[in-house]
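Chemist: Mind looking at a prediction? Sequence and model below.
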Amino acid sequence: DVKVTQSSRYLVKRTGEKVFLECVQDMDHENMFWYRQDPGLGLRLIYFSYDVKMKEKGDIPEGYSVSREKKERFSLILESASTNQTSMYLCASSLQPDEQFFGPGTRLTVL
Amino acid sequence: QKEVEQNSGPLSVPEGAIVSLNCTYSDRGSQSFFWYRQYSGKSPELIMFIYSNGDKEDGRFRAQLNKASQYVSLLIRDSQPSDSATYLCAVPTASGGSYIPTFGRGTSLIVHP
């Protein structure tokens, strides 16, 4: 079974802090994605990567950056966390076009 | 920008009912769709991916795509309380060798015993 893991299930940070969210997949997938999910707004794509050191902006990249130094690991970085970044963050990976495997999610609260 | 619309619900049905969940899309060129199921507090899981006009069936789930009318449906027959979840429709856009989905906001389904 494909396994996508995220570093934390719950995270509480203060405004202005630098936040790292880590995602690791164990199936040698080329493609990895970061989404945020908010009530009433659904899933929105922040960034995705289709190869090591490659990244593409999604629909809402402002306030975020990403890093993919190794194929299995895709990190989301909040350079200076703000309260409007309080959300559920979901990582996903895929190899074939017809599949996306999601991690368990990180619920981030910024105070 | 592709738009994907779903009725948010909640849709409440008795156990055993046939459920029809609908999703409309704005880009007439779209030819494929994802359906995901998301239980409360959990992450989405892929139920079905369909491509081109026609139906696809997997157990109690059936996906139907109608390109002329620009909607895709997910039918669940013999619904069970364990089907209670939010169902997300997504339209993929080819990019970098993968498909990048734009998600609808989901339809909440409640199946009561």
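Modeler: Arrived safely, thanks for sending.
Chemist: ok, the nearest residue to residue B:112 once chain neighbours are set aside - how many residues close by?
Modeler: The spatial neighbour of residue B:112 that comes closest, neighbours along the chain excluded (Cβ to Cβ, 6 or more residues apart in numbering or on different chains), is residue B:14 at 6.1 Å. Where C-beta positions appear, they are placed from N, C-alpha and C, glycine not excepted. Neighbour count of residue B:14, defined by other Cβ atoms under 10 Å in any protein chain shown: 9.
Chemist: which parts of the strand or helix carrying residue A:20 are buried?
Modeler: Here residue A:20 sits within strand A:19-25, counting by DSSP states H and E. Of the residues in strand A:19-25, those buried by neighbour count under the rule 16 or more other Cβ atoms under 10 Å in any protein chain shown are A:19, A:21, A:22, A:23, A:24, A:25.
Chemist: tell me the mean pLDDT for that strand?
Modeler: Averaged across strand A:19-25, pLDDT comes to 97.
Chemist: same question, stretch B:7-19
Modeler: For stretch B:7-19, the mean per-residue pLDDT is 95.
Chemist: List of residues touching it?
Modeler: The contact list for stretch B:7-19 (Cβ atoms under 8 Å, 6 or more residues apart in numbering or on different chains) reads B:21-22, B:75-81, B:83, B:105-113.
Chemist: where does the chain dip in pLDDT?
Modeler: All of this is about chain A. Residues of chain A that meet the criterion pLDDT under 70 lie in A:1-2, A:97-98.
Chemist: Sorry, I should have been clearer: chain B.
Modeler: Under the criterion pLDDT under 70, the flagged ranges of chain B are B:1, B:53, B:95-98.
Chemist: Confirm that residue B:82 sits in a helix.
Modeler: Yes: using DSSP: H, G, I helix; E, B strand; the rest coil, the assignment for residue B:82 is a helix.
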